[in-house]
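Student: Show me how the following folds:
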Amino acid sequence: MSDIREDLVDAAIDRTKISNWTSGNDDVDNLIQECQMKAIGPDFIPEWIPYNDLEDIEYLTKSGCSEIYTATWIGGYFMEWDSKEQQLKRFREQAVVLKRLENIENANQSWFEEAKLHLTISNKYPEIVQCYGLTKDPSNGSYMLKERIQITVQIIGSLTRIHDENAIHGDLHSGSILLFIPQFRISDLGFCGPADKPLKCVYGNLPYIALEVIIGKEQTFKSDIYSIAMLMWEISSGQPSFYNFIHNYDLAMNIVNGIRPKIVSGAPLEYRHLMKQCWDA
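Tutor: Residues are numbered from 1 along each chain as shown. Okay, here's the model as predicted:
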């Protein structure tokens, strides 16, 4: 690569890095910036693409753990460095494919390493489909967060009605929550175990069973409150609690000894506090 070309690339990357943008997530910002530093030219610079820069978004298909959409990227990717204007010039509108990942809010370090590898390789070799960057569907952001909190409020309100009648549900889990649009309601009241079950019989979905019930004590109002905490975790994370554990004696003993699911990042502080209060009830 010539010195002129190197200067062009360095300038382009530097201009992209210092631009006033953020994904709202430091890990994602760092990922994009690190990949920008490895770009071989302006047209290979990965970006954070604001969602409102995409239009004509249409669902195409589902593949594995992701949904595939087509869209038009307004403005398109960077094409060249304008030395006179001292800025990057964009190509034009660009047809793109969007890959919408599930549970991306729970992405771990392994995901970021895989994403970095994909961005680096795809933007280095023309034989591989280029990845222009990352974006975020607003429906997975603050709007979705508000919706999840509202679901929690509705479930707690439903349980309050049950407890006001001096009744205990005894087998609360996600399968007993039904949606009657637009309201989420608790079901299976009175049908949550054998009619002739002993008062101290352990039954139900293990991750939702309070530790005192596991060790043989009777169901109480607090037992339902513990189940609410596990539902809150599932609502905030998008997956069942202890989904990566075998539901056996070892898990039961771990729960008795205090193991709890790791609270997902992005959950509001008040939501976290309430969840902890519920599973410590």
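Student: now residue 24, what's its secondary structure?
Tutor: Here residue 24 is coil, with the state taken from DSSP: H, G, I helix; E, B strand; the rest coil.
Student: any idea of the pLDDT on it?
Tutor: Note on residue 24: pLDDT of 75.
Student: Residue 136 now?
Tutor: pLDDT, residue 136: 81.
Student: What secondary structure category should be reported for it?
Tutor: Of the three states, residue 136 takes coil according to three-state DSSP.
Student: And for residue 71?
Tutor: Going by three-state DSSP: residue 71 is strand.
Student: That one touches residue 54, doesn't it?
Tutor: Yes: counting by C-beta atoms under 8 Å, residue 71 touches residue 54, with 4.6 Å between them. Bear in mind the C-beta positions are built from the backbone N, C-alpha and C, glycine included.
Student: Find the residues that touch each one of these two.
Tutor: Taking C-beta atoms under 8 Å, 6 or more residues apart in numbering as the contact rule, residue 71 and residue 54 both touch 96, 98.
Student: leaving aside the residues next to it on the chain, what's closest to residue 235?
Tutor: Closest residue to residue 235 apart from its sequence neighbours, by C-beta to C-beta, 6 or more residues apart in numbering: residue 148 at 5.0 Å.
Student: next SSE after whichever strand or helix holds that neighbour?
Tutor: Element membership of residue 148, judged by DSSP states H and E, is helix 142-164. Next helix or strand after helix 142-164 toward the C-terminus (DSSP H and E): strand 177-180.
Student: Which strands or helices does the top strand by length along the chain pack on?
Tutor: Determined from DSSP state E, the single longest strand within the chain is strand 54-63. Using 3 or more C-beta pairs under 8 Å, 6 or more residues apart in numbering; DSSP states H and E, the elements in contact with strand 54-63 are strand 66-73, strand 94-101.
Student: Tell me the helices and strands packed up against the first one.
Tutor: With contacts defined as 3+ C-beta pairs under 8 Å, 6+ apart, the secondary structure elements packing on strand 66-73 are strand 54-63, strand 94-101.
Student: residues making contact with that strand?
Tutor: For strand 66-73, the external contacting residues (C-beta under 8 Å, 6+ apart) are 49, 53-62, 93-102, 132.
Student: now it, how far from the chain's geometric center?
Tutor: Here strand 66-73 is found 18 Å from its chain centre; the criterion is C-alpha atoms, centre = their mean, to the nearest Å.
Student: cool, the last one as well?
Tutor: Taking the mean of its C-alpha atoms, strand 94-101 sits 18 Å from the chain's own mean (C-alpha atoms, centre = their mean).
Student: mind listing what's buried in it?
Tutor: Residues of strand 94-101 classed as buried by neighbour count (16 or more other C-beta atoms under 10 Å): 96, 98, 100.
Student: Reformat those residues as CSV; add distance to residue 89 and pLDDT.
Tutor: What follows is the buried residues of strand 94-101, written out as CSV (distance: C-beta to C-beta, whole Å; pLDDT from 0 to 100):
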residue, distance to residue 89, pLDDT
96, 19, 88
98, 24, 85
100, 29, 76
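Student: Okay, now the unreliable bits of the stretch 1-150 of the chain?
Tutor: For the stretch 1-150 of the chain, applying pLDDT under 70 flags the ranges 1-20, 62-66, 101-111, 114, 125-129, 139-146.
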